[in-house]
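> Got a predicted model here, sequence first, then my questions.
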Amino acid sequence: MDYFDVNLDLTEEDLALKAAAHQFAEEVMRPIAKELDDMTPEEVIADGSPFWTFMKKAYELGYHKVLIPEQFGGMGLNPRQIAIVMEELGWGSFGMAVQLAVASFCAATAAFLGNEELIKEFTIPFCECTDGSIRACWGGTEPDYGSDNLGMGEAFFANPDVRANCIARPDGDDWVISGQKSAWVSGGTIATHCQLHIQTDPSMGLAGYSIFLIPLDLPGVSKGKPLNKIGQRDLNQGELFFEDVRVPGKYRVVGPEIYETMEGGMMAQANAWMACWSTGLARAAFEEAMNYCKERVQGGAPLAEHYSIRQRVFELFMRVEACRAMTRAAMDLNMSLAPGFPEYSLAAKVLTTRYCLENASDAIQLLGGNGLTKEYLAEKLFRDARSTLIEDGSNEVLARYGGYILFGTYPRPRDTIPRIGG
Ligand SMILES: Cc1cc2nc3c(=O)[nH]c(=O)nc-3n(C[C@H](O)[C@H](O)[C@H](O)COP(=O)(O)OP(=O)(O)OC[C@H]3O[C@@H](n4cnc5c(N)ncnc54)[C@H](O)[C@@H]3O)c2cc1C
């Protein structure tokens, strides 16, 4: 158990949530993540893979609906509690924690927007699902537009000459979608639904996007091969292809007039979640190092008895505490209907991902040769951590966006919210 979480504000309920999530992370996620890490991406999502055992158990316990309010059947957690649960899931396995969150995107967005028809179609069935059979993904980035899709405030973002790789055009009351999303759509190869961000007004360039919530069993939708990557191998990624896919107008929930506001709000929230999972990973690395140093004898004594080793392990502890404090502040500030302080989430994401990678790397160093082997968790943590610096926006591009907000050259989403509906 994580006895270092000495936040004096935690209630009995918070502590119970933390203990339950930790038990799930330790007993279900860790062993399954280890198995999946050694498999090919195709094997990970094949019938009979332990991945599906994980999904079923997570849904049975409600960890797929951490982000959804109680009134719609979600867990109904406050921002601090979401941070606590997400940290534990990140401790269990970063990739699987991401998988559970993206699975809830359509359900959570319908609830967030208060769209009753779509809440009935997307949110309620998802919250009632206990077998992992309803799973959304986020189709944002495109082959030619990775960072560019997060280019809010940049001149090129509104350049009408930019033609997206995926476009929806109106046709009567419907929309017809053509094109593809990037190979990086998390959970894309196994998704049943998608929160799709696509260009609907080419005259506005990348700012002329809309958000659709759609089922993926529509005629003309196909999926790519799962991507083979360095870490987070338990999180599959793949393209979504759309060939003249007709969707009813009701599935378009956000138009270009408020797209940037919504995208900014999403950045403020999603980056705070990234920080929660990164804190969990940083803590996992710290614990691996500390426990190993108590056991391994060199120089006639356990490593932990050497002065320099204690100093080195203390560095890892400091980073965990910095990650947690910053993450909880970002969650408290931004998990509201109108996130007001994206710079805190962006800073938390950049700092925690950097620190989780440093902790994983230092853990390997403290374990010596053993740290390089698959017998110990440290090398998986290192590979998982490496992806986080690019995931959900590269740290450099997120820092640029944060800087624009800091200097007031780009508005906070909260300040543009009154434009919604008007
Ligand atoms: C594990 C993982 C999960 C992901 N999940 C999803 C998902 O669920 N859905 C989804 O849609 N996408 C997802 N992504 C995609 C992710 O958002 C992109 O990878 C990320 O935004 C970076 O885009 P890119 O990979 O195309 O890199 P590029 O944009 O090509 O960037 C390459 C390098 O150039 C730098 N750079 C880029 N633009 C500029 C600029 N204007 N000025 C200076 N430097 C610049 C970047 O910092 C980076 O170092 C995921 C990615 C990863 C790694």
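Looks like it came in fine.
> just to confirm, which helix or strand has I309 in it?
Here I309 sits within helix 307-334, counting by DSSP states H and E.
> elements contacting that helix?
On a contact count with 3 or more C-beta pairs under 8 Å, 6 or more residues apart in numbering; DSSP states H and E, helix 307-334 meets helix 79-92, helix 256-295, helix 342-367. The C-beta positions use only the backbone N, C-alpha and C, and glycine is treated the same way.
> Go through it and flag the buried ones.
Neighbour-count burial for helix 307-334, with 16 or more other C-beta atoms under 10 Å as criterion, is recorded at 309, 312-313, 316-317, 319-324, 326-334.
> now it and helix 79-92, what's the angle there?
Using axes from the mean of the first three to the mean of the last three C-alpha atoms, to 10 degrees, the inter-axis angle of helix 307-334 relative to helix 79-92 is 140 degrees.
> Helix 307-334 - what's its average pLDDT?
Helix 307-334 shows a mean pLDDT of 96.
> okay, the angle between it and helix 342-367?
Using the same axes, to 10 degrees, helix 307-334 lies at 160 degrees relative to helix 342-367.
> Could you tell me which residues make contact with E35?
Each residue near E35 by C-beta atoms under 8 Å, 6 or more residues apart in numbering is listed here: P50.
> redo that, cut-off 10 Å
Listed by C-beta atoms under 10 Å, 6 or more residues apart in numbering, the contact set of E35 reads 43-44, 49-51, 53-54, 234.
> element containing it?
helix 30-37.
> Going by neighbour count, which residues of that helix are buried?
Quick answer for helix 30-37 (16+ other C-beta under 10 Å): 30, 32-33, 35-37.
> show me where the stretch 1-150 of the chain has helices.
Using DSSP state H, counting those that start in this stretch, the helices of the stretch 1-150 of the chain run over 12-24, 30-37, 41-45, 50-61, 79-92, 94-103, 105-113, 116-118, 124-128.
> Which of those sits closest to the ligand?
Closest approach to the ligand among the helices of the stretch 1-150 of the chain is made by helix 94-103 (5.6 Å; C-beta to the nearest ligand atom).
> That closest one - what's its average pLDDT?
Averaging pLDDT along helix 94-103 gives 98.
> angle of that helix against helix 79-92?
Going by the same axes, to 10 degrees, helix 94-103 makes 140 degrees with helix 79-92.
> For the residue lying closest to Q180 once chain neighbours are set aside, name its beta-bridge partners.
With sequence-adjacent residues excluded and distances taken as C-beta to C-beta, 6 or more residues apart in numbering, Q180 is closest to F241, at 4.9 Å. Note on F241: beta-bridge partners by DSSP bridges are Q180, S222.
> isn't F241 right up against A183?
No. Using C-beta atoms under 10 Å, F241 makes no contact with A183, being 11.0 Å away.
> how about the residue nearest the centre of the chain, what does it touch?
Among the residues of the chain, the one closest to the centroid is V98, at 4.4 Å (C-alpha atoms, centre = their mean). Residues in contact with V98 (C-beta under 10 Å, 6+ apart) are 89-90, 186-187, 232, 234-235, 270, 273-274, 277, 387-388, 391-392.
> If we use 8 Å, what do you get?
So V98 contacts 186-187, 232, 235, 277, 391 (C-beta under 8 Å, 6+ apart).
> Would you map out the domains in the protein?
Domains of the chain are assigned by automatic domain parsing as 12-128, 136-254, 259-419.
> nearest to the ligand, of the ones you listed?
Using C-beta to the nearest ligand atom, the nearest of these to the ligand is domain 136-254, at 1.8 Å.
> what about the closest one, near the ligand?
Yes. Using C-beta under 6 Å from any ligand atom, domain 136-254 reaches the ligand at 138-141, 146-147, 182, 184-186, 232.
> got a list of what S210 touches?
Applying C-beta under 8 Å, 6+ apart, the residues near S210 are 168, 197-201, 252, 254-256, 259.
> Which members of those are classed as buried?
Buried members of the contacts of S210, scored by 16+ other C-beta under 10 Å, are 168, 197-201, 252, 254, 256, 259.
> Looking at the residues you listed, spot the one nearest R412.
Taking C-beta to C-beta as the measure, R412 sits nearest to Y259 out of these, at 15.7 Å.
> out of the residues of domain 136-254 next to the ligand, what pair is the most spread apart?
Using C-beta to C-beta, these span at most 19.3 Å, a distance reached by S147 and Q232.
> Same drill for the two, tell me which one is more crowded.
Per other C-beta atoms under 10 Å, whichever of S147 and Q232 has more neighbours is Q232, with 27 against 16.
> give me the number of residues near T409?
9.
> Would you mind giving the secondary structure of it?
On the three-state scheme (DSSP: H, G, I helix; E, B strand; the rest coil), T409 is labelled coil.
> Next one: the most far-flung residue of the chain relative to its centre relative to K225, how far apart?
Most distant from the centre of the chain: G300, at 44.6 Å, with distances by C-alpha atoms, centre = their mean. G300 is 53 Å from K225, where distance means C-beta to C-beta, to the nearest Å.
> try G151
For G151, the distance to K225 equals 28 Å [C-beta to C-beta].
> and if you look at A136?
A136 sits 20 Å away from K225, going by C-beta to C-beta.
> again with R246
26 Å.
> And for G403?
37 Å.
> Then A301?
51 Å.
> what's the answer for I190, then?
From I190 over to K225 (counting by C-beta to C-beta), the distance is 12 Å.
> List, one by one, the residues from this structure near the ligand.
Checking the chain against the ligand by C-beta under 6 Å from any ligand atom, the hits are 102, 138-141, 146-147, 182, 184-186, 232, 387, 390-394, 396-397.
> Right, I'll call it a day here.
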